[in-house]
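Undergrad: with the sequence up front, the predicted model follows.
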There are 2 protein chains.
Amino acid sequence: MATKHAKEMATLKEHLGKHQLKLTRQREMILDAFLRQEHITAEAMYHQLAKADPHLGLATIYRTLNLFCDAGLAQARHFGSQTKYDNVSHKGHHDHLICTGCEKIVEFENEEIERLQEEVAARNGFTINTHRLELYGLCSRCRH
Amino acid sequence: MATKHAKEMATLKEHLGKHQLKLTRQREMILDAFLRQEHITAEAMYHQLAKADPHLGLATIYRTLNLFCDAGLAQARHFGSQTKYDNVSHKGHHDHLICTGCEKIVEFENEEIERLQEEVAARNGFTINTHRLELYGLCSRCRH
DNA sequence: TATTATTTTGAGACAGTTTATCAATTTCAA
DNA sequence: TTGAAATTGATAAACTGTCTCAAAATAATA
């Protein structure tokens, strides 16, 4: 399993090294589970990993997912009362259309928007690493 | 003050009438304060109105802001761990370029991006009310 | 204006999510 | 292998937002 997500593991190790943090069994386990998902909540991961390690604490999951965010492997998204952690490496970057009526989420990609983002960034002297684009509104069903 | 936001007050009254709800001193006060802002949290409004009415309850603020959402005057957005209530009648939306090195934030607007967002939304049957676009990267100074 | 049914309020209890605490354990550089 | 430093697990605590309910306010009716 360590070989499966070698690239992300390398990213994590680099981050750990830079910040005097340590690689633990739990961090490996959580990274492995995390990378299998497109996005997941801490609570969901807690239950999912309970079988593999019944003593893995919820606090550790939260700490580790936040660590992944710092390392650039995950991105936190607050929706409703919960936080979803998106797997940044899983796909080409996707943006979200979010229905505020039924909380449905539609993912999309738009090259033209991405290109314009680069343009705006360049004009301001920035180099983009990641971005977040969320459109809030009503889906066709909720509009009525 | 009732005359200042006459249009929104009319919208609210119409909603109240339709749903057998009543116009109260608190609802008027909160609407007036709300319309002065571009967006605000319930907690912030609670403190802001404490001077005018020390006994105005936090629950009432939440109930009323949610009422404004139902009436179409406000829109709730989950941001960080808090909920921000956007003033729908306010336009002039800003997007953000955020430097992960020095935390500098540059605001920008791009009509072309906005137009493409509408296009994506329409293609998926959505009507956009608000959006959030954040570009994360390094500014020219931090890149070196 | 007085009456009355209905809605709203305020205060705090409560519930769900996330973070802080801290003793015991684990990591990793020397 | 040792030992300083970081991490974990369990749970307490904090935080945001909703619910409860008696008392007060509203608005329709007379």
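TA: Nice, I can see it.
Undergrad: roughly how far apart are the closest residue to A:Glu107 other than its chain neighbours and A:Lys7?
TA: Distances taken as C-beta to C-beta, 6 or more residues apart in numbering or on different chains put A:His94 closest to A:Glu107, at 4.3 Å, once the chain neighbours are dropped. The C-beta positions use only the backbone N, C-alpha and C, and glycine is treated the same way. For A:His94, the distance to A:Lys7 (C-beta to C-beta, to the nearest Å) stands at 19 Å.
Undergrad: who's more crowded, these two?
TA: Higher neighbour count among A:His94 and A:Lys7: A:His94, with 15 against 11, using other C-beta atoms under 10 Å in any protein chain shown.
Undergrad: let me see the contact set for that one.
TA: A:Glu107, A:Phe108, A:Glu109 (C-beta atoms under 8 Å, 6 or more residues apart in numbering or on different chains).
Undergrad: name the helices or strands packed onto the helix or strand containing the first one?
TA: When secondary structure is defined by DSSP states H and E, A:Glu107 falls within strand A:105-108. Contacts of strand A:105-108 with other secondary structure elements, assessed using 3 or more C-beta pairs under 8 Å, 6 or more residues apart in numbering or on different chains; DSSP states H and E, are made with strand A:95-99.
Undergrad: name the surrounding residues that touch the strand it packs on.
TA: Defining contact as C-beta under 8 Å, 6+ apart, one finds that strand A:95-99 is touched by A:77, A:79, A:104-110, A:113, A:132-139, A:142, B:120-121, B:124, B:126.
Undergrad: quick one: which of those sit in helices?
TA: Among the contacts of strand A:95-99, the ones falling in helices (DSSP state H) are A:Ile113, B:Val120, B:Ala121.
Undergrad: regarding chain A, what is its longest strand?
TA: Assignment by DSSP state E gives strand A:127-138 as the longest strand of chain A.
Undergrad: so which bits of that one are buried?
TA: Neighbour-count burial for strand A:127-138 flags A:Ile128, A:His131, A:Arg132, A:Leu133, A:Glu134, A:Leu135, A:Tyr136, A:Gly137, A:Leu138 (criterion: 16 or more other C-beta atoms under 10 Å in any protein chain shown).
Undergrad: rebuild those as TSV, extending it with pLDDT and distance to chain B.
TA: Shown next, in TSV, are the buried residues of strand A:127-138 (pLDDT from 0 to 100; distance: C-beta to the nearest C-beta, whole Å):
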residue	pLDDT	distance to chain B
A:Ile128	91	4
A:His131	88	5
A:Arg132	87	5
A:Leu133	91	5
A:Glu134	88	5
A:Leu135	91	5
A:Tyr136	85	5
A:Gly137	87	4
A:Leu138	88	5
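Undergrad: who's in contact with the residue nearest the centre of chain A?
TA: Nearest residue to the geometric centre of chain A (C-alpha atoms, centre = their mean): A:Asp86, 2.2 Å. By C-beta under 8 Å, 6+ apart, the contact set of A:Asp86 is A:Glu38, A:His39, A:Ala74, A:Gln75, A:Ala76, A:Arg77.
Undergrad: hmm, try it at 6 Å
TA: By C-beta atoms under 6 Å, 6 or more residues apart in numbering or on different chains, A:Asp86 lies in contact with A:His39, A:Gln75, A:Arg77.
Undergrad: ok, and of those residues, which contact DNA strand D?
TA: When contact is defined as C-beta under 7 Å from any atom of the strand, the contacts of A:Asp86 do not meet DNA strand D at all.
Undergrad: and which of those residues is nearest DNA strand C?
TA: Relative to DNA strand C, the closest of the contacts of A:Asp86 is A:Arg77; by C-beta to the nearest atom of the strand it sits at 9.6 Å.
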